[in-house]
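1. Structure, please.
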Amino acid sequence: MHLHNNKPENYMKTSPLYKVLLAAFICTALSACTDASIKEVKKASIGQSDYTFGDVLDSPKGCTSTEWGHREDNARPVVQYTCTADLPQALIDIAAQDNTNRIKDLSKELDKLWQDNLKKIQKSKEDVAQAAIRAGTQKDSRIKQGQGALQEAQARLDQTLASSPQQYIGHGSSGYTPQLLAMGKERMQLDINSAKREVEVARRKLDEAEAGVEPNSAYRHPALGQERSAAEYQAMIDGTLSWKDRYYAAISELEAREMKRAEEFVTAAKDRKLQMRVTFLVRKQFPVDVQSATWIDGGKESKPVDAVYLAAALMDPKRLQEVLVGEQRSRLKFGVNNYEHLKSFPIECSEKIPTGCELRKQAS
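-> Okay, the predicted model is just below:
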């Protein structure tokens, strides 16, 4: 035998109407709690400021829309504020122009490298040519001096050979004795030997001067102190000029490629929604605290909002717009790494390259 419990209260708990009323009550209670937390945050004063959070964050300039929400975090009420940042076309145009300018600067730097290298080689050629002129003038002077010194040494030798032993000795009352003559001959021979050595030294110095050997050096001057001759530098100049069309075609190709990448970058960035999300911790008997602030890029958390910028923005509504604009500019900025581009540029030109320019080894 089955017993049925027909008490009214049991029937009410299981009836559809009861469930609807209970759900409505819960939603109403939660909504009231949510509204209270949000209102508490909005009316809270910002430290060292004349504004409340509501003054600064409700419909500020720079936001196309704002939204307040509420959630529980470990049984503690947390209010979440979201600003969807405005992205005016003027800002997009400025960012695109800035990207273009940076790419153009890269092209200018590559052009300057080529021009500077050519000028450096041309100057090296001029330096070698001037050194050759100076060396030629000095050589002529040394040859002339050498010829004069040889003539003087030869004249002294000829004069010594033409002398007699009697000129090297005196004579007594008995005249030139054999002993005196022998002494005169010995002295004369010493002078002849000395004069011959002077002639030999003068002739050697003249030969060195004619050969271009520096004074007091046993070695020939290595190409006027330069690594290359003027003719070799001219060959480098001709080689560099022969690479000019290919070099500048590579610059144009790099510039066009980076311009396309920059355009695609800006398009992708502007199509992603940028939001700033700030969460507040609401606690009884304590001031409202900013728990976190995060940039949301395309629906994904990208990075924290800079604490210094956020503090400044919360103290002045105008600064909040500046923070938003600054982040938009940052995410629209196309990165141009000049160092990496220069290091990987397919053509390398340098004074160290005998042909002036060549394909970069890692790029060939």
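2. And residue 47, its phi and psi?
-> Main-chain torsions, residue 47, degrees, to the nearest 10: phi -60, psi 140.
3. swap that for residue 279, sorry
-> Dihedral angles (degrees, to the nearest 10) for residue 279: phi -110, psi 140.
4. So it sits against residue 292, correct?
-> Yes - with contact defined as Cβ atoms under 8 Å, residue 279 and residue 292 form a contacting pair (5.0 Å). Where you see a C-beta, it was placed from the backbone N, CA and C, and this is true even at glycine.
5. out of those two, which sits in the more crowded spot?
-> residue 279 (19 against 13; other Cβ atoms under 10 Å).
6. so the closest residue to the more buried one other than its chain neighbours is in which element?
-> Distances taken as Cβ to Cβ, 6 or more residues apart in numbering place residue 291 nearest to residue 279, at 4.4 Å, with adjacent residues excluded. Assessed by DSSP states H and E, residue 291 sits inside strand 289-297.
7. Check which helices and strands the host helix or strand of residue 148 is in contact with.
-> Under DSSP H and E, the secondary-structure element containing residue 148 is helix 89-161. Here helix 89-161 touches helix 178-211, helix 230-242, helix 244-271, helix 317-332, helix 338-344, strand 347-349, going by 3 or more Cβ pairs under 8 Å, 6 or more residues apart in numbering; DSSP states H and E.
8. Distance from the third one to the middle of the chain?
-> Spelled out, that is helix 244-271. Distance of helix 244-271 from the chain centroid (Cα atoms, centre = their mean, to the nearest Å) equals 19 Å.
9. list the buried ones in that helix?
-> Using 16 or more other Cβ atoms under 10 Å as the test for burial, helix 244-271 gives 247, 250, 251, 254, 255, 258, 259, 262, 265, 266, 269, 270.
10. Just send these back as CSV, with pLDDT and distance to residue 198 too.
-> Shown next, in CSV, are those (pLDDT from 0 to 100; distance: Cβ to Cβ, whole Å):
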residue, pLDDT, distance to residue 198
247, 97, 62
250, 97, 67
251, 97, 67
254, 97, 71
255, 97, 73
258, 97, 75
259, 97, 79
262, 97, 81
265, 96, 84
266, 96, 87
269, 95, 89
270, 92, 92
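11. just curious, which of the residues you listed is nearest to residue 58?
-> Distance to residue 58, by Cβ to Cβ, is smallest for residue 270 among the buried residues of helix 244-271, at 26.1 Å.
12. Double-check that closest one against residue 93; I have them as touching.
-> No - using Cβ under 8 Å, residue 270 makes no contact with residue 93, being 10.8 Å away.
13. Could you count how many residues lie near residue 100?
-> For residue 100, the number of neighbouring residues by other Cβ under 10 Å comes to 16.
14. Give me the pLDDT value at it.
-> At residue 100, the predicted lDDT confidence score is 97.
15. what secondary structure does the closest residue to residue 80 other than its chain neighbours sit in?
-> Spatially, and ignoring its direct neighbours in sequence, residue 80 is nearest to residue 69 (4.5 Å; Cβ to Cβ, 6+ apart). Of the three states, residue 69 takes strand under DSSP: H, G, I helix; E, B strand; the rest coil.
16. Could you give the number of residues near residue 69?
-> 14.
17. can you check the one 4 residues further on too?
-> Residue 73 sits with 11 neighbouring residues when counted by other Cβ under 10 Å.
18. Not counting sequence-adjacent ones, nearest residue to it?
-> With sequence-adjacent residues excluded and distances taken as Cβ to Cβ, 6+ apart, residue 73 is closest to residue 281, at 7.8 Å.
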